[in-house]
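> quick one, structure for this:
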Amino acid sequence: MGDKQKTPDWVAESGAWVLENGHRTLLKLTGGRWPHKLGRMQALELHTIGRKTGQRRSTLLSSPIFSSERIVLIASLGGASHNPAWYLNLVAHPDVEITVRGETKPYVARTASPEEKAELWPEITRGSGNPYDGYQRSTTRDIPVVICESS
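Residues are numbered from 1 along each chain as shown. Predicted structure coming up:
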């Protein structure tokens, strides 16, 4: 009875793929001008180095906590049972770049400690329509919170 209701990985991954590709298309059509917000969250493009290929990888994400010095990302993958590839890439290569509204800057990424996650989680999940609490409840893995600090 107390078991978590698990979102099938194919549902979570398909939803993430549709959102990312739709968002990428809109960014291309508008020259990066729109959409710059997803709800109340900042839209951005994360650039990592592939842990297996060594090649540059780009992923569209949103940030629930955003400033010029610190950007917080959530490795939710829609509540899937495994971490997203972009998270595994930045763990292997923490020097990343983030593009916001056409401007790219370097950052150093790290996984928040359990204490930092506990402190940030209320701000991450506040507001209506925020999916992260539901994602965490729908999976048995601890969804990583990533802190990217300006380098």
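
> and the helices in this protein?
Assigned helices in the chain, in chain order: 9-29, 85-92, 114-125, 132-137 (criterion: DSSP state H).

> for this protein, which residues score under the pLDDT cut-off?
Low-confidence segments of the chain (pLDDT under 70): 1-39, 128-129.

> what residues are bridge-paired with the closest residue to Lys105 other than its chain neighbours?
Excluding the flanking residues, the one nearest Lys105 by Cβ to Cβ, 6 or more residues apart in numbering is Ile98, at 6.1 Å. (Glycine included, C-beta is placed from N, CA and C.) On the basis of DSSP bridges, Ile98 is bridged to Leu46, Lys105.

> can you count the residues close to Ile98?
The number of residues packed near Ile98 is 22, by other Cβ atoms under 10 Å.

> I'd say it and Thr104 touch.
Yes - counting by Cβ atoms under 8 Å, Ile98 touches Thr104, with 7.0 Å between them.

> now do the shared contacts for these two.
His47 (Cβ atoms under 8 Å, 6 or more residues apart in numbering).

> the residue nearest to Lys105: what's it in contact with?
Going by Cβ under 8 Å, 6+ apart, the list of residues near Ile98 reads 44-47, 71, 104-105, 107, 148.

> buried only: go through the residues you listed for me.
Taking 16 or more other Cβ atoms under 10 Å as the criterion, what is buried in the contacts of Ile98 is 44-47, 71, 107, 148.

> wait, which of these is closest to Trp121?
The closest of these to Trp121 turns out to be Ile71 (Cβ to Cβ; 16.3 Å).

> so how far is stretch 101-117 off the chain centroid?
In terms of Cα atoms, centre = their mean, to the nearest Å, the centre of stretch 101-117 is set 10 Å apart from its chain centre.

> same question for stretch 49-58.
17 Å.

> that older thread, could I get the contacts of Ile98 as JSON lines with distance to Thr139?
As requested, the contacts of Ile98 are exported to JSON lines (distance: Cβ to Cβ, whole Å):
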{"residue": "Leu44", "distance to Thr139": "23"}
{"residue": "Glu45", "distance to Thr139": "25"}
{"residue": "Leu46", "distance to Thr139": "21"}
{"residue": "His47", "distance to Thr139": "26"}
{"residue": "Ile71", "distance to Thr139": "23"}
{"residue": "Thr104", "distance to Thr139": "31"}
{"residue": "Lys105", "distance to Thr139": "31"}
{"residue": "Tyr107", "distance to Thr139": "26"}
{"residue": "Cys148", "distance to Thr139": "23"}
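
> that concludes my questions; thank you for your assistance.
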